[in-house]
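Colleague: A structural model of the following input is requested.
(one chain, ligands or ions: 4)
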Amino acid sequence: MSGELSVLGACPLDCPDGCSWVVTVEDGRAVKLRGNPDHPYTRGALCVKVNRYLEHTRAADRILHPLRRTGPKGSGRFERISWEEALDEISARLRNIVEEHGGAAIWPYQGTGSLGYLQGCEGVAGRRFWNVLGASKHWLNICSAAGSTGLSLTNGTPGGMDPENFALSRLILLWGTNTLTSGHHLWKFVQDAKANGAHVVAIDPIRTRTADQADQHLAIRPGTDAALALGLLNVVLAEGAQDEEFLAAHTQGWESFREEILRFPVERVAEITGIPAADVHSLGMRLAHTRPTAIRATMGIQRHEGGGTAMRTIAAIPGVTGDWRHPGGGVAYSTSGHVHVNIDTRDDLLAEPVRTLTMTRLASELDSVRCLWVYGANPVGSTSDTGAIRRELAREDLFTVVMEHFPTDTVDYADIVLPATMQTEHADLHAGYGHLYLQWNEPAVEPPGECLSTTETFRRLARHMGLTEPSLYDSDLELAEQLLTSGHPSLEGVTLDRLRKEGWMRLNYPRPFAPFAEGFPTPSGRLRFPPPGRAYVAPRSVREAGRSPYPLTLITPASHVFLNTTFGNNPELRRRAKEPVVLVNPADAAERGLVSGQRVRVHNAGGEFLADVEVSDRVARGVVASPKGRWPKLSPGGANPNAVVEERDADLGRGAVYHDNLVELSPCAGS
Ligand SMILES: Nc1nc2c(c(=O)[nH]1)N[C@H]1C(S)=C(S)[C@@H](COP(=O)(O)OP(=O)(O)OC[C@H]3O[C@@H](n4cnc5c(=O)[nH]c(N)nc54)[C@H](O)[C@@H]3O)O[C@H]1N2
Ligand SMILES: Nc1nc2c(c(=O)[nH]1)N[C@H]1C(S)=C(S)[C@@H](COP(=O)(O)OP(=O)(O)OC[C@H]3O[C@@H](n4cnc5c(=O)[nH]c(N)nc54)[C@H](O)[C@@H]3O)O[C@H]1N2
Ligand code: SF4
Ligand SMILES: [Mo]
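Modeller: Ligands and ions are numbered 1, 2, ... in the order given. Below you'll find the model as predicted:
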């Protein structure tokens, strides 16, 4: 058809699958979006959420122009202003703040709304600009920091297995991961393995849709995974199935770790984890005698007080069994450790060293901040302790700028709102943290209204402020070229020209890829076993058992129909999500006289949100669950689960503790 063309792009969202997509454009309008059938990981499919992406770009509530606040902070009342007015006001306020309080009073709060290297959190967007102003640094710890730190302590990198190699595995542990919801493209490789006789076990406090499809589900007590890992290894040792050759050649700390394992016999582990001893033992036997064994452990497992250690200790398993020898063995958390692009944020532009502010500590660290600049993030929907965040954001001495697509709860607190382009409207370079490909996203259509990309917004702001540093003005294509110049062998042959033509390229790793068969990227070249006494850290729920007035552990996992808070305003996906629910075990419900459909307050000392009870044996006694992703202002009572998530750190990497909070359920008045 005349005027029709196909444009290759990539899904920008915070999801391991990093899909490659094809946009059909007719007469300047994007009319169709589908998964790229040629991409080996995408294999032609997107997901229930992103299938609606084009409709989302044209949603009636899309922000198309710069806005200035007219009502009180939090009211969401704005007037339309021009870019010129917006840049005037922002430039004046930023100059003033730098002069009076120093650059460190600016907090560039960048989230994972886009994972792009140009427009999103993985790259340079805005960071050179912030360095020229001397702004505080931002520690993006909301998602995966505890697990990445734990894995790096053991292996020297968060990178591990190529997820495609799950097809080669004989035993698959889906450990604290809801594959069919939060990264479903792995499933095809799991199915391939199953077709070859692999046994698949889901280890999750919730019987998820993934657990339903596994051969076996172990309902573990939240936050006790490291103890299970030690118990499984205890059986491996009893069987004499440890790989002595691998241990001697490629690990360190084995003698003391071995002793630690012996302190976790099956009966003790059963008591800690709530998993019957017979099940711990039988899985230990499978682990002892099945090579290769692949472990998929993603972010759910590390959103606990002991979550970093959980990943650290789980990562020790293939060190003992020698599974790293085989491409179908090992642990897959994130492949980001295998992506070695050159992210040149130009820290040399900083006049002096600055402090780092912590994303999940927004409420408490905002105290000393005078400008909060939010992009790619929706903290009022997604960050811990939203009640405290709202109180801070209401401060009159805080100048808040939000770059956004939609009028989120965070936008409601902005002084100035800047309209941002969506993925079909700007260029970007992407990896995926669940595969080994790079994708190029070519803009398919013109931006609507006055939307600007992140890179262009910062170029214009720099010009408006008269900044002279040349690298602030690098074009998108120049920035993309720079990213590919790291000289790392994995980028050999990967050029921007080829990426733009072909849409995606595999990083230059062997296939099949066994990353640690010959050693680890630690200083000694060896896997480092956890030191004695540090292999299991109990979660809050276990530490406080019987002492807290809030006896139930709340898990707030990924929603099937939202992607974090993205799509939380999409009418069709909201319709599918129905009213917010909280899963409650029949015994816990009976004890409180609660029945399905009844609306309750889920509360603790920090706050409360409302949800309808769903009595279900999908959760064990003592565990309740309610998914993340709803917009507070579109939820009953104006709050989502983050009202009860405490501002507290995990044990490693200052990670967040979204699945490690204690609550009580009480009937709503009148319900
Ligand atoms: N209770 C609970 N809370 C959680 C979690 C949990 O498990 N439980 N998980 C946490 C995790 S893992 C994460 S990653 C966070 C993420 O939580 P959110 O901050 O809600 O992340 P997103 O919804 O991915 O994106 C945030 C915003 O970025 C905007 N955005 C997207 N692309 C762009 C762009 O190119 N430019 C600009 N300016 N904006 C853009 C989107 O419109 C969106 O409103 O939530 C955390 N919150
Ligand atoms: N549909 C959809 N997909 C998403 C997202 C989304 O919001 N929606 N979010 C994206 C983002 S930002 C991220 S970080 C990932 C998150 O996705 P995942 O990595 O899958 O993380 P969660 O959904 O937080 O938790 C996964 C599973 O871990 C279980 N779990 C919780 N605590 C424990 C524990 O102590 N031990 C064990 N063994 N299991 C536990 C939960 O019950 C849940 O079923 O998914 C991405 N993909
Ligand atoms: S959200 Fe994940 S599964 Fe869905 S299109 Fe994006 S990358 Fe693919
Ligand atoms: Mo995340």
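
Colleague: can you give me the mean pLDDT across stretch 119-130?
Modeller: For stretch 119-130, mean pLDDT is 94.

Colleague: so what does Leu109 look like in phi/psi?
Modeller: Heads up, residue 109 is Tyr, not Leu. phi -90, psi 90 (degrees, to the nearest 10).

Colleague: check what pLDDT the nearest residue to Phe567 once chain neighbours are set aside gets.
Modeller: Distance criterion CB to CB, 6 or more residues apart in numbering; nearest residue to Phe567, sequence neighbours excluded, is Leu573 at 4.9 Å. To be clear about C-beta, it is placed using only N, CA and C from the backbone, and glycine gets the same treatment. As predicted, Leu573 sits at a pLDDT of 98.

Colleague: and Arg62, by the same measure?
Modeller: pLDDT, read off for Arg62, is 98.

Colleague: now it: how far from ligand 3?
Modeller: Remark: distance between Arg62 and ligand 3 (CB to the nearest ligand atom, to the nearest Å) = 19 Å.

Colleague: for that residue, helix, strand, or coil?
Modeller: When classified by DSSP: H, G, I helix; E, B strand; the rest coil, Arg62 comes out as coil.

Colleague: so who does it touch?
Modeller: Neighbour list for Arg62: His405, Phe406, Pro448, Gly449 [criterion: CB atoms under 8 Å, 6 or more residues apart in numbering].

Colleague: list the buried residues of the host helix or strand of the residue nearest to Phe567.
Modeller: Secondary structure from DSSP states H and E places Leu573 in helix 571-577. By 16 or more other CB atoms under 10 Å, the buried positions in helix 571-577 come out as Leu573, Arg574, Ala577.

Colleague: same thing with stretch 243-253?
Modeller: Asp243, Phe246, Leu247, His250, Thr251, Gln252, Gly253.

Colleague: can I get those residues in a markdown table including secondary structure?
Modeller: Output for the buried residues of stretch 243-253, formatted as a markdown table (three-state DSSP):
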| residue | secondary structure |
| --- | --- |
| Asp243 | coil |
| Phe246 | helix |
| Leu247 | helix |
| His250 | helix |
| Thr251 | strand |
| Gln252 | strand |
| Gly253 | coil |
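
Colleague: of all the residues you listed, which comes closest to ligand 3?
Modeller: Taking CB to the nearest ligand atom as the measure, ligand 3 lies nearest His250 of the buried residues of stretch 243-253, at 33.5 Å.

Colleague: contacting residues for that closest one?
Modeller: Counting by CB under 8 Å, 6+ apart, His250 has contacts Gly319, Trp324, Phe516, Glu518, Gly519, Phe520, Gly525, Arg526, Leu527.

Colleague: what subset of those residues is buried?
Modeller: Neighbour counting over those (16+ other CB under 10 Å) leaves Gly319, Trp324, Phe516, Gly519, Phe520, Arg526, Leu527 as the buried ones.

Colleague: any chance you could map the helices in the stretch 301-450 of the chain?
Modeller: 307-314, 317-321, 362-365, 379-382, 386-393 (DSSP state H, counting those that start in this stretch).

Colleague: tell me the one of the contacts of His250 nearest Pro489?
Modeller: Glu518 (14.7 Å; CB to CB).

Colleague: any idea of the pLDDT on that closest one?
Modeller: pLDDT, read off for Glu518, is 96.

Colleague: before we move on, the earlier item: the contacts of His250 into JSON lines, with extra columns for secondary structure?
Modeller: Conversion of the contacts of His250 to JSON lines gives the following (three-state DSSP):
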{"residue": "Gly319", "secondary structure": "helix"}
{"residue": "Trp324", "secondary structure": "helix"}
{"residue": "Phe516", "secondary structure": "coil"}
{"residue": "Glu518", "secondary structure": "coil"}
{"residue": "Gly519", "secondary structure": "coil"}
{"residue": "Phe520", "secondary structure": "coil"}
{"residue": "Gly525", "secondary structure": "coil"}
{"residue": "Arg526", "secondary structure": "coil"}
{"residue": "Leu527", "secondary structure": "strand"}
